[in-house]
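Undergrad: just to be clear, the model below is a prediction. Sequence and coordinates:
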Amino acid sequence: MIKTLGLISLVAFATAHDQPFSGSFMSKEEKLGLMEKAKEMFYHAYTNYMEHAYPADELMPLSCKGRWRTKENNRGDMDDVLGNYSLTLIDTMDTLVVLGDLPEFDRAVSKVVTSVTFDRDVVVSVFEINIRVLGGLLSGHIFAQHFKENSNHLQWYNGELLAMAKDLGYRLMPAFNTTTGIPYSRVNLRYGIKKDQLHYFQETCTACAGSMILELAALSRLSGIPIFEEKAHRSMDSLWSLRHRSSNLMGTVLNVDSGDWIRRDSGVGAGIDSYYEYCLKAYVLLGESRYLSRFNKHYAAIMKYISQGPMLLDVHMHRPQINSKNFMDALLAFWPGLQVLSGDLKPAIETHEMLYQVVQKHNFIPEAFTTDFQVHWGQHPLRPEFLESTYFLYKATGDPHYLNVGRQVLNSLQKYARVECGFAAVKDVRTTANEDTMDSFVLAETFKYLYLLFAESEDLIINIDEYLFTTEGHLLPLSLSVQPQNYTDADKILDEDTDLPKRSCPSFDNLLTESIRKPLKNMVDGLCPNRKSRIEAREFAKIFQFGNENHMQRIKAMGIVITKLPNGLPLLFMNSSHESNPEDQIDGHEFLTELNIIMKDVNQKEKINSAKSVSFDNQDGQKVSLYAGAANFGLPLNLGLKVVARIAIANPVKGCETLINPNDVKEKIVLVERGDCMFIEKARKLQEAGAVGGIVIDNATDSSVITSRAFSMSDDGIDDVSIPLVFLFASEARPLLDMLNINPDLLVTISELPKETEAEIDSVEDTGTMINNSIDKLKKIIGDIMTSNDPTQDQVSDLLKWRGYSSIDKQTFLKLLMEARKGIINKNDDIIKVDELPPSKQKISENDTRRKVDPDEN
């Protein structure tokens, strides 16, 4: 059958196991030892969950207790998967089968059947409860029924898990009551969706709406109830109809009623990943050719626009030639595994190798990393996606390299995540600090793939090749494809395009995986010799950092020379006599051209987004002004623009999800705490709730503009925020919070920082950061600056502004400067160097791009 060919790509490359590998060999004994170690690690986590957390949803491994919904501090969207229904146990049942532990599987099924109910007044994520809970119940039922018929276990079982799955399926159905058929993002398990909550649930991600078809179709085919599969097909059909017709790309977030795209960035990571996965797997499991056709069209678009060598960078769906982000997220690590399933092995090997080098650099894949492989978001919640791809690549190639990759991940988990009561998520890969979280997917997927990587077929009590993995790692039998289809041909929406999909996989019998990986070995260190896999010169200019050794080597190879002007500022120019090849010289010219454009843009932005002020009257009626950082988005607050309103506090305080107190924040300036999401995402949530402005307060308790570098809050390339957002370090925010406690109706103004000519300055203590800095400290800072490269007066002024002293009157500044030059101030270790200026202050001369013109150059 046609559908079988798609699955065969999971195992079709088994013939490659006979090919020679020059990489390190792993003996059967060593492989067996790693399998047993993976099993021991699973039981360390599972046993601690059962002893310290069950029947709670998750284990808190640092506290050695369970995490219940509403009983701990609300973590916003992260808690939408919790519902007090023993989530981790449900999610883990089929892992026990993979490990061959039928007695414990029997006990786990019994506990779920006797203690779990979904009749709860709790709002949950439709996506998460589908893939984790419904998927876990279905896989559990399939294996319970199988081993009832083929072993001495589960003889008491009578389809109870399937009955629970049907009950849960019906509770999810109200979410599909939308004009498009695309489900709302959340649903109340007892009451469905209340009218007053519709507004908050209208936005959903593409992956959320597009990752229902496997579980709901399986539920229909096992139960004989067609509605579940019908709803899932309609959602997939609607999503397909909303793709961008020119690029065949999908956006990330959309409105389920209007079908309008809210976020048009397109990639293969967070918010969109499993939609593409389910397009292909729906074909494999259900035999629906339309899903293969859709996947092939999406895949061609991804490889054309998003795939840039081994990297996968988000683009705008409607302008796919333009990148929307300069970082990648950890969830895209599933992509090589999906490429194996589709039969496209070479790019899978390349992307996996790039990811492996990130692992080697940071021990884990951070939640997000930049195009030069630095940490963007440092968390690592022990995600399974990289191990998933490692497993499928090993299964496809037999290359022992992937066993060694798995061993490194295993060792990192043991070293950095293992704690007394389980395995704790890594808060920041740079510090390896842990946080009190162990998501259910750690047991459902991470240890499952780790065990399978080292296991031989004879170590398993099931034939793993007869099952398809869902996005949560649950196992659904391929035999479901021959079950009755519970919908009619009239329900199917035919695709407009009639070209036949690819139905066979390319042959890789003679393909050596090492030969693919070798050119990428030094990619993370910036030494990759393959021009096609490098960042284009103009893109590189966007991420270039002075002082970054790899970046400096890169521009040197382009023939670019850096020297310093008499005033200490760097000058970049092409050296025509430099021995570099013509391609690198062209890159150098492109790099300098783009860098000039960027610097002009940054300078212009900083004129608009100069420092801001948060002001209010204190108890004595005196005006208090606080130094505030600006944003590169929203209302600019220049040319006299200001916003005056009363203060409110966001709930949840991080402001990363829809606010639950919109009536309290409407037409007010809203306080939010830094962390958990991008600044612009906070601004969007405030704007959505009706706020007229926002103030972000730093989450580091003692931070200030004196000890921390001032910065502008960055955007994400999407211009959809119209309210102003400013930033206060904790020390600057304290007077505001104290006054708010005294006067809850406090009236606050956010505006541009007053110019020197407008500031009423009585003493140096009233200048700069406006938070009572002593004159001695200010003098010392100026003295420290003067010890660095003998900067000019303008450079000293710029550095002071950068450190937060933005409105020192000229007379005071010159007086302190003269004292510093006379040597009154002693040098200390905290020297501020000229080359630490932000890029906009390290101005590039108009002659930066001077070069000898080749008469033959186009």
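TA: Nice, thanks for sending it over.

Undergrad: phi, psi of the closest residue in space to residue 187 that isn't next to it in sequence?
TA: Using CB to CB, 6 or more residues apart in numbering and skipping the chain neighbours, the partner closest in space to residue 187 is residue 175 (4.3 Å). Where you see a C-beta, it was placed from the backbone N, CA and C, and this is true even at glycine. As for residue 175, its main-chain torsions (degrees, to the nearest 10) stand at phi -70, psi -20.

Undergrad: how far away is residue 175 from residue 260?
TA: Computed as CB to CB, to the nearest Å, the residue 175 to residue 260 distance reads 19 Å.

Undergrad: pretty sure residue 418 contacts residue 40?
TA: No: with contacts counted by CB atoms under 8 Å, residue 418 stays clear of residue 40, the gap being 10.6 Å.

Undergrad: is it true that the residue nearest to residue 187 touches residue 188?
TA: No: using CB under 8 Å, residue 175 is not in contact with residue 188, being 9.6 Å away.

Undergrad: the more surrounded of the two?
TA: residue 175 (28 against 18; other CB atoms under 10 Å).

Undergrad: what sits against that one?
TA: 126, 183-184, 186-187, 192-193, 201 (CB atoms under 8 Å, 6 or more residues apart in numbering).

Undergrad: per-residue confidence at it?
TA: pLDDT recorded at residue 175 is 97.

Undergrad: do the same with residue 343
TA: 94.

Undergrad: any idea how many residues pack against it?
TA: Applying other CB under 10 Å, I find that residue 343 has 21 neighbouring residues.

Undergrad: cool, and residue 423?
TA: 26.

Undergrad: so what touches stretch 188-201?
TA: Here stretch 188-201 makes contact (CB under 8 Å, 6+ apart) with 83, 118-124, 171, 174-175, 177, 184-187, 256, 658.

Undergrad: so residue 174 touches residue 186, yeah?
TA: No: with contact defined as CB under 8 Å, residue 174 does not count as touching residue 186 (10.7 Å).

Undergrad: and the next element down the chain from the helix or strand residue 169 falls within?
TA: For residue 169, the host element (DSSP states H and E) is helix 160-172. Using DSSP H and E, the helix or strand that directly follows helix 160-172 along the chain is strand 186-188.

Undergrad: follow-up on the earlier one: just want to know which of residue 174 and residue 186 has more residues nearby.
TA: It is residue 186, of residue 174 and residue 186, that has more neighbours when counted by other CB under 10 Å, with 22 against 17.

Undergrad: related to what we said a few turns ago, how close does the residue nearest to residue 187 sit to residue 168?
TA: For residue 175, the distance to residue 168 equals 12 Å [CB to CB].

Undergrad: where does the prediction get shaky in the stretch 151-300 of the chain?
TA: Applying pLDDT under 70 to the stretch 151-300 of the chain picks out no residues at all.

Undergrad: which residue ranges of it form helices?
TA: For the stretch 151-300 of the chain, the helices defined by DSSP state H, counting those that start in this stretch cover 160-172, 198-201, 206-209, 213-223, 227-241, 273-286, 289-301.

Undergrad: who wins for proximity to residue 29 among those helices?
TA: Residue 29 lies closest, by CB to CB, to one member of the helices of the stretch 151-300 of the chain: helix 273-286, at 35.1 Å.

Undergrad: so the closest one versus helix 289-301, what angle?
TA: 140 degrees (axes from the mean of the first three to the mean of the last three CA atoms, to 10 degrees).

Undergrad: ok now helix 273-286, how far from the chain's centre?
TA: Averaging C-alpha positions (CA atoms, centre = their mean, to the nearest Å) puts helix 273-286 22 Å from its chain's average.

Undergrad: so what does it touch, helix or strand wise?
TA: helix 2-11, helix 206-209, helix 213-223, helix 227-241, helix 289-301, helix 335-342, strand 467-469 (3 or more CB pairs under 8 Å, 6 or more residues apart in numbering; DSSP states H and E).

Undergrad: reformat those as JSON lines; add mean neighbour count and distance to residue 426.
TA: JSON lines is the format used below for the helices and strands packed on helix 273-286 (neighbours: other CB atoms under 10 Å; distance: least, CB to CB, whole Å):
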{"stretch": "helix 2-11", "mean neighbour count": "18", "distance to residue 426": "30"}
{"stretch": "helix 206-209", "mean neighbour count": "26", "distance to residue 426": "23"}
{"stretch": "helix 213-223", "mean neighbour count": "26", "distance to residue 426": "30"}
{"stretch": "helix 227-241", "mean neighbour count": "22", "distance to residue 426": "34"}
{"stretch": "helix 289-301", "mean neighbour count": "21", "distance to residue 426": "32"}
{"stretch": "helix 335-342", "mean neighbour count": "25", "distance to residue 426": "22"}
{"stretch": "strand 467-469", "mean neighbour count": "23", "distance to residue 426": "25"}
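
Undergrad: I'd like those laid out as CSV, including distance to residue 33.
TA: CSV is the format used below for the helices and strands packed on helix 273-286 (distance: least, CB to CB, whole Å):
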stretch, distance to residue 33
helix 2-11, 25
helix 206-209, 37
helix 213-223, 35
helix 227-241, 43
helix 289-301, 38
helix 335-342, 25
strand 467-469, 25
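
Undergrad: nearest to residue 36, out of those?
TA: Of all these, strand 467-469 comes closest under CB to CB, at 22.8 Å.

Undergrad: who does that closest one touch, helix- and strand-wise?
TA: helix 273-286, strand 475-477.

Undergrad: re earlier: how close does the residue nearest to residue 187 sit to residue 189?
TA: From residue 175 to residue 189 the distance is 11 Å (CB to CB).

Undergrad: likewise residue 358?
TA: Distance from residue 358 to residue 189, by CB to CB: 39 Å.

Undergrad: ditto for residue 316
TA: Residue 316 is 37 Å from residue 189, by CB to CB.

Undergrad: try residue 377
TA: 31 Å.

Undergrad: which one of those two has more residues nearby?
TA: residue 189 (21 against 17).

Undergrad: isn't residue 667 up against residue 690?
TA: Yes: at 6.3 Å, residue 667 counts as touching residue 690 under the criterion of CB under 8 Å.

Undergrad: neighbour-wise, which of the two wins?
TA: Between residue 667 and residue 690, residue 690 has the larger neighbour count (other CB under 10 Å), namely 16 against 11.

Undergrad: quick one, what contacts the spatially most central residue of the chain?
TA: In the chain, the residue lying closest to the centroid (CA atoms, centre = their mean) is residue 329, at 4.1 Å. Shown in contact with residue 329 (CB under 8 Å, 6+ apart): 269-270, 367-368, 377.

Undergrad: and the next helix or strand past the helix or strand bottoming out on mean pLDDT in the chain?
TA: Using mean pLDDT, DSSP states H and E, the weakest-scoring helix or strand in the chain turns out to be helix 2-11, at a mean of 37. Sequence-wise, the next helix or strand downstream of helix 2-11 (DSSP H and E) is helix 28-52.

Undergrad: centre of the chain to that next one, how far?
TA: For helix 28-52, the distance to the chain centre is 28 Å (CA atoms, centre = their mean).

Undergrad: what comes up buried for it?
TA: By neighbour count, and taking 16 or more other CB atoms under 10 Å as the criterion, the buried residues in helix 28-52 are 31, 34-35, 37-39, 41-46, 48-50, 52.
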